[in-house]
Every structure is written in structure tokens, then in C-alpha cells.
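Trainee: Fold the following.
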Amino acid sequence: MAKIWYVTSAMTTTFAIGPRLLARSAVLLAALLAPLAAHAAAAVVDIRSGLHPDKTRVVVELTEPVAYQLFTLADPYRVVVDLPELDWRVKPRADVARGLVGNLRYGVFRPGTSRIVLDATGPVIAKALLLPPGKGGNHRLVLDLSPTDRTAFLAGVKPPKPPPVVELPPAGPRRDDGKRVLVIDAGHGGVDPGAIGIDGYHEKDLVLAYALALRDALHATGRYEVVLTRDRDVFLPLRERVAAARHAQADLFISLHADSLRDRSVGGGAVYTLSETASDDEAADLAARENKSDLIAGVALDVQDDEVATILIDLAQREAMNYAARFAQTLVKQIGPVRQLRKRPHRFAGFRVLKAPDVPSVLLELGFMSNSDDARFLRDVAGRRAVVGAVVRAIDQYFTDPKI
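Mentor: Presented below is the predicted three-dimensional model:
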């Protein structure tokens with residue numbers, strides 16, 4: 001049975017649900033989410049916006065009244081609304097982004113909490129009001145954004161109220177049954193959709209399907225214990241993904257992604273490993289975008305991880321990077337016969353998600369959702385089965401290397 005990691009704090013806290021911790025974790029999780037249980041069935045059925053002379057109004061229609069918490073974040077300007085975990089029955093609408101709203105995202109932020117993130121086009125004053133339904137209507141959460149100056153905006157910035165803290169249990173002893181421990185990370189999730197394909201499909205959903213299929217294929221061999229960073233549509237901060245690999249004392253960490261580019265003619269997969277210097281401008285740009293995942297999800301970035309900031313000079317990190325490069329080369333050889341790859345399929349960049357200092361880590365770029373051929377292949381069940389089989393063969397070959 002795979003272990004599953006869930007985020008209980010946007011900044012610092014995670015706890016694992018696994019065979020040994022299941023009962024204890026279930027009790028703790030129930031206690032954390034009890035205040036929100038009454039709203040478990042609430043659903044969002046529409047999100048729309050309207051322009052007024054002095055403000056931009058966003059209306060969120062709900063089937064039931066819910067509690068909410070509104071706060072703002074600077075650099076860039078964001079308005080964030082936290083709600084109980086909701087059933088999102090609304091499809092994305094491009095016309096919501098207008099006026100003072102440059103972009104809008106929503107989804108599960110952590111178990112028990114949904115989040116709406118509005119990117120403001122400038123400094124704003126944000127107010128929220130929950131209105132009862134009219135005749136035959138729904139409850140409405142009304143968000144009003146009015147223009148202001150930076151000084152006034154910064155004066156109103158307040159950090160969100162932190163959730164109850166659940167301590168992360170210490171890592172257990174190394175396995176003695178001969179099984180290798182693998183952490184499979186489905187990129188993005190929840191309020192962070194990742195890339196959006198030409199067919200409207202979200203990266204977060206595609207890579208989750210691959211992660212689940214890879215987990216099942218690895219379990220079928222009987223040779224591996226598999227830890228998933230997420231097994232459903234929920235957001236995880238980048239540092240929590242790194243923490244999952246370290247806490248599991250993983251032998252290998254694989255992060256799955258499927259990006260998008262303006263040039264829709266570009267297609268093919270690639271494998272990325274960590275480096276202080278990017279292999280090319282495209283790799284640097286991709287890493288910069290992936291490293292903004294926390295920002296996209298409305299996480300305050302004022303707390304820096306000193307360990308991550310200095311990790312590249314650590315000797316353990318150097319050794320892990322060497323092993324990661326070796327696995328990347330094996331992965332390229334196995335995937336090449338079943339999946340089109342880039343001309344230079346092994347690339348390098350400073351991905352934060354690859355910075356566990358003692359765990360060999362790679363980022364597998366499955367392809368580009370902006371390319372019609374890639375999108376068709378990646379969503380095809382047979383294509384997914386072929387890629388997953390190649391990854392399993394690469395893992396088997398990697399761990400049979402006498403130098404590992």
C-alpha cells in the first residue's frame with residue numbers, strides 16, 4: 001500500500017498517512033477538519049465578474065453558505081480567499097479576468113480547504129460579503145476590488161491565520177526487506193492547474209493519471225515501496241514535495257510534468273536534473289515557471305528555506321546529483337523507443353522540487369500540452385502505458401547497476 005502525503009500547513013507542516021500511522025493520522029485529520037465538516041457538501045456552481053465605475057466585482061455562487069477568510073499578498077498583488085473544501089462544478093471562464101482582475105485560479109489548497117486566488121492588475125482594496133439567495137437562486141460570495149495606491153495596499157496586507165500544527169513524525173528505520181523506496185510526485189494540483197493544453201486539459205490532471213499508473217506498475221513488480229506526494233487534486237508547496245522525499249528516505253524521486261510553450265510546433269519529452277547553471281535558456285525559463293508554483297497558489301513567500309538556498313554546495317547534494325544524472329541517462333534510453341524526445345533529451349536547471357540534498361531526483365517532462373501531437377499521445381491510454389512501462393524498466397536497470 002502506498003503512503004500518501006497531505007499538506008496541513010501552507011508553509012511548514014506535513015504529515016504522512018501510511019500503514020503504521022493510519023489510525024493516528026486519521027484521528028488527527030478528523031480533528032483538524034471537524035469545523036469544516038458541516039460544509040462538506042457545498043458546491044460552487046458559477047463564477048463571474050462585472051465592471052463598475054469604481055471597482056471590479058467577482059461573484060461566486062454557492063449551493064450553501066460557507067465560512068471564508070480573505071487576505072492579500074504583495075509582489076505580485078494577489079487577493080486570496082480560503083474556504084472549506086468545495087465541490088467545484090464550474091468550468092473555467094476566460095471572461096472573469098478583466099478590470100482589476102488579471103487572472104483567477106481556484107481549487108483544493110490542502111485537505112479541508114479550498115482557495116481562490118485573484119491576481120490583481122495593481123494595488124487594490126479587497127472586500128468580501130456573503131449574500132443569501134434570492135428567489136430560486138444560490139448563496140453568493142461577492143468580492144469587490146477597488147483601486148488604491150501601494151502604500152495603502154501594503155498597510156492592509158495581513159498573513160493568513162495558520163491552521164493547527166501537526167508535527168511530522170520522525171523518519172523510520174531504513175527498510176530491511178530489500179525493497180527500494182520511490183517517491184512519485186505529480187506536479188501542480190488543486191489551486192495550481194499547471195499548463196493548460198490546447199484541448200483545455202490541465203497538466204495537474206494528466207500528471208496525476210501518470211503517477212497513479214506508475215505507482216500501480218511499480219507495485220506489481222513486488223520490488224518497490226511507492227510514496228505518492230499526492231493521490232488526488234490537491235495543492236502541495238514545493239518544499240513539502242522535497243520534504244516527502246527526505247522523510248521517506250527515498251532511493252529515488254521522480255517529479256512528473258507536462259509543460260506548455262507559445263511555439264506549438266515544439267514537442268517531445270525530456271528529463272531534467274538539478275544544476276546551478278541551466279543547460280539552455282529554455283530550461284532556465286521552464287525552471288523559473290515551475291518554481292513559481294507556490295506563488296501561483298497564493299503562498300506567502302516571505303519565509304525562505306535557508307537549507308534549500310545553500311543546498312548546492314553540500315557534498316551530499318553533489319553525490320545525489322551524480323546519481324540523478326546516471327538515472328536520467330538510463331531513463332532517456334528506455335523512453336526513446338516508445339516516445340518522441342527532444343534533440344537534447346537530458347537537460348539541466350535549478351528546479352526547487354529537485355533539491356532534496358540526499359535523494360537522487362529527476363523531473364520527467366512528459367511532453368508539451370501546447371503541441372497537438374503530444375497532447376493526443378499523452379492523453380491516450382496506450383501512450384501512457386508505454387511510457388510507464390519504459391519508466392519501470394529504467395528504474396529496474398538503474399537499481400541493478402552495481403555502482404548504485
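
Trainee: contact partners of stretch 372-381?
Mentor: For stretch 372-381, the external contacting residues (Cβ atoms under 8 Å, 6 or more residues apart in numbering) are 197-199, 201, 206, 258, 264, 267-268, 339-340, 366-369, 383-384. (C-beta placed from N, C-alpha, C; glycine too.)

Trainee: what about the helices in the stretch 151-300 of the chain?
Mentor: 203-221, 238-247, 281-290, 293-296 (DSSP state H, counting those that start in this stretch).

Trainee: which of these sits most buried?
Mentor: Greatest average neighbour count among those goes to helix 238-247 (a mean of 24), per mean count of other Cβ atoms under 10 Å.

Trainee: low-confidence ranges in the chain?
Mentor: Applying pLDDT under 70 to the chain picks out residues 1-41, 159-176, 301-317.

Trainee: Try it again at 80.
Mentor: For the chain, residues meeting the criterion pLDDT under 80 lie at 1-41, 91-94, 136, 158-177, 276-280, 282-283, 300-318, 402-404.

Trainee: Report back the residue of it that's furthest from centre.
Mentor: Computed with Cα atoms, centre = their mean, the residue of the chain farthest from its C-alpha average is Lys135, at 39.3 Å.

Trainee: So Val66 is in contact with Val81, correct?
Mentor: No. Val66 lies out of contact with Val81 (Cβ atoms under 8 Å); the separation is 10.3 Å.

Trainee: What is the burial count for Ala325?
Mentor: When neighbours are defined as other Cβ atoms under 10 Å, Ala325 has 18 of them.

Trainee: just Ala300 next, same as before
Mentor: By other Cβ under 10 Å, 17 other residues sit near Ala300.

Trainee: From Pro237, how far off is it?
Mentor: As judged by Cβ to Cβ, to the nearest Å, Ala300 and Pro237 stand 11 Å apart.

Trainee: Could you do Arg264 as well?
Mentor: As defined by Cβ to Cβ, Arg264 lies at a distance of 31 Å from Pro237.

Trainee: Have a look at those two and say which one is more surrounded.
Mentor: A direct count of neighbours by other Cβ under 10 Å for Arg264 and Pro237 places Pro237 higher, at 22 against 16.

Trainee: which residue sits closest to that one in space, ignoring its chain neighbours?
Mentor: Spatial nearest neighbour of Pro237, excluding adjacent residues (Cβ to Cβ, 6 or more residues apart in numbering): Asp294 at 5.1 Å.

Trainee: repeat for Thr63
Mentor: In this structure, Thr63 finds its nearest non-sequential neighbour in Ala43, 4.6 Å apart by Cβ to Cβ, 6+ apart.

Trainee: show me what contacts the one you found?
Mentor: By Cβ under 8 Å, 6+ apart, the residues touching Ala43 are Leu62, Thr63, Glu64, Leu86, Asp87, Trp88, Arg89.

Trainee: what about the residue lying closest to the fourth one once chain neighbours are set aside, neighbour count?
Mentor: This means Leu86. In space, and not counting its chain neighbours, Leu86 is closest to Ser114: 4.5 Å by Cβ to Cβ, 6+ apart. Residues contacting Ser114 under the criterion other Cβ under 10 Å number 27.

Trainee: and the residue nearest to Thr63, what are its bridge partners?
Mentor: On the basis of DSSP bridges, Ala43 is bridged to Asp87.

Trainee: What distance do you get for it to His202?
Mentor: Distance of Ala43 to His202, given as Cβ to Cβ: 19 Å.

Trainee: can you list residues touching both of Val66 and Val81?
Mentor: Leu141.

Trainee: on that earlier part again, angles on the backbone of the residue farthest from the centre of the chain, please.
Mentor: phi -70, psi 120 (degrees, to the nearest 10).

Trainee: how close does it get to Thr63?
Mentor: Note on Lys135: its distance to Thr63, by Cβ to Cβ, is 16 Å.

Trainee: swap in Pro360?
Mentor: Pro360 sits 47 Å away from Thr63, going by Cβ to Cβ.

Trainee: higher neighbour count, these two?
Mentor: Legend: neighbour count by other Cβ under 10 Å for Pro360 and Thr63, higher for Pro360 (26 against 16).

Trainee: Could you check how far the more buried one is from Asn322?
Mentor: Counting by Cβ to Cβ, the gap from Pro360 to Asn322 is 8 Å.

Trainee: isn't Ser370 right up against Leu261?
Mentor: Yes. Ser370 lies in contact with Leu261 (Cβ under 8 Å); the separation is 5.2 Å.

Trainee: Alright, that wraps it up for me.
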